[in-house]
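*Asks:* I would like to see how this sequence folds:
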Amino acid sequence: MWKPDLSKIVTAEQKAIESRATLLSAYKAAFDDHLDAVARERQYDSRLTIVSYLGSTNPQWNAEAEAFISWRDAALAYMFTQLAAVEAGEIDPPSIEVFVAGIAPIEWP
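*Replies:* Numbers count the residues shown, from 1 in each chain. Sure, this is the predicted structure:
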């Protein structure tokens, strides 16, 4: 008699966990790409580069780093709020485009 290999059976719960991980990964990648694009608006290489200018002796670079960090923190709060609402079933998962479009624009100094 045939016996299934239980280690190869994927449960609905496992599928849901994998689906959530894939979705979170896609949102995070889109979020990071958006932050990098915003940093490049001011000729910085990435989100990591611009924040390194915090405390710069160049007042413009320091101000841009401060503005970016403040904006990034608000964007992160938005992201976590959206993801929590999706996880709680309060909203349907938005498309990546809608998710990114919901991030408030930065106000540069």
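*Asks:* and stretch 98-109, what's buried?
*Replies:* Residues Phe99, Val100, Ile103, Ile106 are the ones in stretch 98-109 that count as buried (16 or more other Cβ atoms under 10 Å). All C-beta atoms are positioned from the backbone trio N, CA, C, and that covers glycine.
*Asks:* also stretch 35-52?
*Replies:* Quick answer for stretch 35-52 (16+ other Cβ under 10 Å): Leu35, Asp36, Val38, Ala39, Arg42, Tyr44, Arg47, Ile50, Val51.
*Asks:* next, the second one: secondary structure please.
*Replies:* What that stands for is Asp36. What DSSP: H, G, I helix; E, B strand; the rest coil gives for Asp36 is helix.
*Asks:* now for it: which residues touch it?
*Replies:* Going by Cβ atoms under 8 Å, 6 or more residues apart in numbering, Asp36 touches Ser46, Arg47.
*Asks:* would you mind measuring from it to Ile50?
*Replies:* 9 Å (Cβ to Cβ, to the nearest Å).
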